[in-house]
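**Student:** How does the following fold in three dimensions:
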Amino acid sequence: MKEIDDDADVCNLDNCVLPEDMTEEQEEAFEDAMLEFFSLHSFRVISLTNVGVGDHFAEGFGKWLESNETLEEVDLSGNSITSEGLFDVAEALFENETLRVLIIGKQQAEDGFVRFSTDVKNVLMEALDANDTLTKLTFDFGNSEQNTEAGEIIARNRRRANGEPTPTNAKKSSQPAPKKIKADNTSKPTEARHSAVHPVWGKQRRSD
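**Tutor:** Sure, this is the predicted structure:
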């Protein structure tokens, strides 16, 4: 595992993959240890690309993120987080006031990539709309309407971060996603491969 200076504000554990022979109990214990490590430091950036963490980690990470006051950038791409785990991360956006960058990207499944449920995507959209600080999100909602809406919200937050005026008719999320109600795991769709490249919102567009 990569060494991290106690005084560093960046934690990069990219590609530090959990051993394949770990039992589920061992994996959860390791993930709990990572969360405890995070709680003892004031990290500004945490990058966990292709580490192999799943829903157990995401649940604890989401709860920790709710009250965290230092974290600005998180990269969770390339792991095994499903709708259940993403729900907890999305819920944190209702409370967190410092996070600027959230990279979820593609999550690995045995048969390709995780396909997130409609319920959890609606919760993420509602949380995004309620959040004022997120200026970059990497996630594919799976339909053009929600992708466009998410882009508009990110653009709104960028204007706020830059001290620019926000239009009074800025679009609010139209998705009916009740806050604090967890998605029904029994109806979670089968994980399948996405063919689309996950969009990245928050990049400056080139003017013609």
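**Student:** Pull the contacting residues for the closest residue to Ala127 other than its chain neighbours.
**Tutor:** Excluding the flanking residues, the one nearest Ala127 by Cβ to Cβ, 6 or more residues apart in numbering is Leu93, at 3.9 Å. Every residue, glycine included, has its C-beta placed from N, CA and C. The contact partners of Leu93, by Cβ atoms under 8 Å, 6 or more residues apart in numbering, come to 99, 102, 124, 127-128, 130-131, 134.
**Student:** can you give me phi and psi for Val10?
**Tutor:** phi -120, psi 130 (degrees, to the nearest 10).
**Student:** show me the contacts for it.
**Tutor:** Going by Cβ under 8 Å, 6+ apart, the list of residues near Val10 reads 43-45, 47.
**Student:** So which of these is the closest to Leu13?
**Tutor:** Ser47 (6.8 Å; Cβ to Cβ).
**Student:** picking that back up, let's see if you can find the most crowded of the contacts of Val10.
**Tutor:** Using other Cβ atoms under 10 Å as the neighbour test, these are led by Phe43, with 21 neighbours.
**Student:** residue boundaries of the helices in this structure?
**Tutor:** Secondary structure of the chain (DSSP state H): helices at 24-39, 55-67, 83-92, 118-130, 144-161.
**Student:** tell me the contacts of the closest residue in space to Leu18 that isn't next to it in sequence?
**Tutor:** Using Cβ to Cβ, 6+ apart and skipping the chain neighbours, the partner closest in space to Leu18 is Gly52 (4.2 Å). Counting by Cβ under 8 Å, 6+ apart, Gly52 makes contact with 17-18, 27, 79-80.
**Student:** Lowest-confidence member of those, which is it?
**Tutor:** pLDDT is lowest at Leu18 among the contacts of Gly52; the value there is 87.
**Student:** Let me know whether that one touches Phe30 as I believe.
**Tutor:** Yes - assessed by Cβ atoms under 8 Å, Leu18 is found in contact with Phe30 at 6.4 Å.
**Student:** Export only the CA atoms of stretch 121-129, formatted as PDB.
**Tutor:** Output of stretch 121-129 as PDB, limited to C-alpha atoms (Å, rounded to 0.1, in the frame of the first residue of the first chain):
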ATOM      1  CA  LYS A 121     -30.300   8.100  -9.600                       C
ATOM      2  CA  ASN A 122     -33.300  10.200  -8.600                       C
ATOM      3  CA  VAL A 123     -32.000  10.600  -5.000                       C
ATOM      4  CA  LEU A 124     -28.600  11.600  -6.400                       C
ATOM      5  CA  MET A 125     -30.300  14.200  -8.700                       C
ATOM      6  CA  GLU A 126     -32.300  15.600  -5.700                       C
ATOM      7  CA  ALA A 127     -29.200  15.700  -3.500                       C
ATOM      8  CA  LEU A 128     -27.200  17.400  -6.300                       C
ATOM      9  CA  ASP A 129     -29.900  20.100  -6.700                       C
END
